[in-house]
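Peer 1: below are the sequence and a predicted model; questions follow.
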Amino acid sequence: MASTTPPDDRNALQDQARDWLVRLTSGRATTVDAQDFKRWCGQSPLHAQAMTEATRLWDAARPAAQAVAQRMRAAAGEPPRAAGAMAWPRPGRREFLGAALAAGVAAFVVVRPPARLWPALSDMTADYSTGTGEQRQVVLADSVVVEMNTQTSFNLRPSAEGEPAAVELVDGEAQVLLAPARAAPFRLSAGGGQLVAAVGSRFNVRATGPEVCVTCMAGSLELRYGDQLLVAHEAQQLNYGRQGAGVMRAPDLAAVTAWRERVLVFNDTPLATVVDEINRYRPGRLIVTNAELGRRRVQARLRLEQLARVETLIAASYGAKVTALPAGIVLLG
């Protein structure tokens with residue numbers, strides 16, 4: 001039977017459902033928001049259906065985003081990209097977003113996914129990427145091994161003639177190992193900084209927010225950030241972002257590299273920060289709605305296999321109230 005609901009009403013409900021997704025994943029949701037959301041869903045079967053459709057948009061978004069990328073390359077006269085091939089030059093940001101939006105609502109939610117409930121379009125069209133909870137090793141042709149953590153993406157960029165390609169870290173975390181037999185230094189860009197690593201170096205780079213942290217495990221690194229030029233050696237960290245750049249001794253190398261053993265280590269870390277990190281490894285979203293709870297300090301060592309039901313551990317350890325919502329959203333209050 002055809003729906004008798006006016007199209008304008010259906011569109012309004014779909015807009016409201018998307019607004020709820022954004023609000024609940026904004027990091028500022030409260031228990032009052034959760035109660036209001038439940039009441040909104042309960043107003044009619046159409047309300048609940050609109051929310052269900054909003055959470056399923058990702059199923060349509062992935063092929064839409066891939067189609068956008070293919071059309072962009074075809075319009076530029078570029079051949080299909082082979083796996084592991086060097087990135088071809090791409091259109092400017094305005095044309096890129098315009099093409100994505102032209103693909104419809106599905107592409108729109110990939111360009112602007114609420115709170116990383118799903119990958120962004122830039123992640124999906126990167127040369128190399130990992131999904132939520134996925135880790136991957138990539139061996140480049142010029143004696144470079146890149147170990148990628150969860151929700152990580154990078155591109156290969158042409159360097160000067162005769163030099164190996166450089167890596168552009170779009171988002172996420174990776175550890176890079178340069179073989180001693182490599183003939184030239186290695187270049188990587190992330191968060192507006194330009195890194196040059198000496199032959200035989202090993203380093204971990206994390207760019208999951210406004211600040212970038214680079215830990216030198218062996219060898220040496222040079223960072224150019226704006227008008228600053230810094231050098232880090234073994235067991236030192238480079239940190240840069242809005243407040244400038246600095247170099248310091250790495251506090252705990254084992255904690256920095258624990259993710260490679262599928263372990264997360266937290267040393268006297270606020271629970272809100274712990275939850276932010278956990279969210280990178282599991283589907284859905286954990287949201288701390290109680291500021292006092294978010295300030296509780298955590299000393300823990302968690303295997304990735306424990307994260308699927310980590311809210312039960314948090315509830316048992318800190319007395320948090322757990323509220324499960326659609327789209328895999330869990331409120332901790």
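Peer 2: Noted; the coordinates are in hand. Numbers count the residues shown, from 1 in each chain.
Peer 1: any low-confidence regions in the stretch 51-200 of the chain?
Peer 2: For the stretch 51-200 of the chain, the stretches with pLDDT under 70 are 55-125, 160-162.
Peer 1: spatially central residue in the protein, please.
Peer 2: Nearest to the mean C-alpha position of the chain, counting by CA atoms, centre = their mean, stands residue 151 at 4.3 Å.
Peer 1: show me the helices in this structure, by range?
Peer 2: Ranges of helices in the chain, per DSSP state H, are 7-24, 31-41, 45-55, 57-75, 93-102, 105-111, 121-124, 253-257, 271-278, 291-294, 310-318.
Peer 1: what about the first one, distance to the chain center?
Peer 2: Mean-position distance between helix 7-24 and its chain equals 25 Å (CA atoms, centre = their mean, to the nearest Å).
Peer 1: cool, and the second one?
Peer 2: Taking CA atoms, centre = their mean, one finds the center of helix 31-41 at 28 Å from the center of the full chain.
Peer 1: just the third one next, same as before
Peer 2: With CA atoms, centre = their mean as the basis, helix 45-55 stands 26 Å off its chain's centre.
Peer 1: nearest residue to residue 288 other than its sequence neighbours?
Peer 2: residue 294 (4.3 Å; CB to CB, 6 or more residues apart in numbering). For every residue, glycine as well, the C-beta is placed using N, CA and C.
Peer 1: these two touch, right, that neighbour and residue 272?
Peer 2: Yes: using CB atoms under 8 Å, residue 294 is in contact with residue 272, at 3.4 Å.
Peer 1: burial measure for the closest residue to residue 52 other than its chain neighbours, as a count.
Peer 2: Nearest residue to residue 52, sequence neighbours excluded (CB to CB, 6+ apart): residue 326, at 7.1 Å. Summarising burial for residue 326: neighbours were counted as other CB atoms under 10 Å, giving 17.
Peer 1: can I assume residue 326 is in contact with residue 49?
Peer 2: No: counting by CB under 8 Å, residue 326 stays clear of residue 49, with 11.4 Å between them.
Peer 1: how much space separates the residue nearest to residue 52 from residue 284?
Peer 2: 10 Å (CB to CB, to the nearest Å).
Peer 1: mind checking how far residue 165 is from residue 271?
Peer 2: For residue 165 relative to residue 271 (CB to CB), the value is 41 Å.
Peer 1: tell me how this protein divides into domains.
Peer 2: Taking automatic domain parsing as the reference, the chain has its domains at 57-124, 128-256, 259-332.
Peer 1: related to what we said a few turns ago, identify the contacts common to residue 294 and residue 272.
Peer 2: residue 288 (CB atoms under 8 Å, 6 or more residues apart in numbering).
Peer 1: neighbours around residue 179, how many?
Peer 2: 12.
Peer 1: next one: residue 40
Peer 2: 18.
Peer 1: now do residue 45
Peer 2: 9.
Peer 1: with residue 288 instead?
Peer 2: Neighbour count for residue 288, taken as other CB under 10 Å: 24.
Peer 1: swap in residue 254?
Peer 2: Residue 254: 9 neighbours (other CB under 10 Å).
Peer 1: so it makes contact with residue 267?
Peer 2: No: assessed by CB under 8 Å, residue 254 is found out of contact with residue 267, at 10.3 Å.
Peer 1: tell me the strands beside the longest strand along the chain, with direction?
Peer 2: As assigned by DSSP state E, the longest strand anywhere in the chain is strand 166-178. In the sheet, strand 166-178 lines up against strand 144-148 (antiparallel), strand 153-157 (antiparallel), strand 186-190 (parallel), strand 202-207 (antiparallel) (DSSP bridges).
Peer 1: now it, how far from the centre of its chain.
Peer 2: 13 Å.
Peer 1: equivalent analysis for stretch 35-45, please.
Peer 2: For stretch 35-45, the distance to the chain centre is 30 Å (CA atoms, centre = their mean).
Peer 1: and the domains of the chain: which comes nearest residue 38?
Peer 2: domain 259-332 (8.0 Å; CB to CB).
Peer 1: okay, how far is it across that closest one, tip to tip?
Peer 2: Distance between the two ends of domain 259-332: 25 Å, counting by CA to CA, to the nearest Å.
Peer 1: that domain - what's its average pLDDT?
Peer 2: Here domain 259-332 scores 91 as its mean pLDDT.
Peer 1: just how off-centre is it within its chain?
Peer 2: 17 Å.
Peer 1: again with stretch 213-229
Peer 2: Chain-centre distance of stretch 213-229: 22 Å, with CA atoms, centre = their mean.
Peer 1: now do stretch 135-147
Peer 2: Chain-centre distance of stretch 135-147: 19 Å, with CA atoms, centre = their mean.
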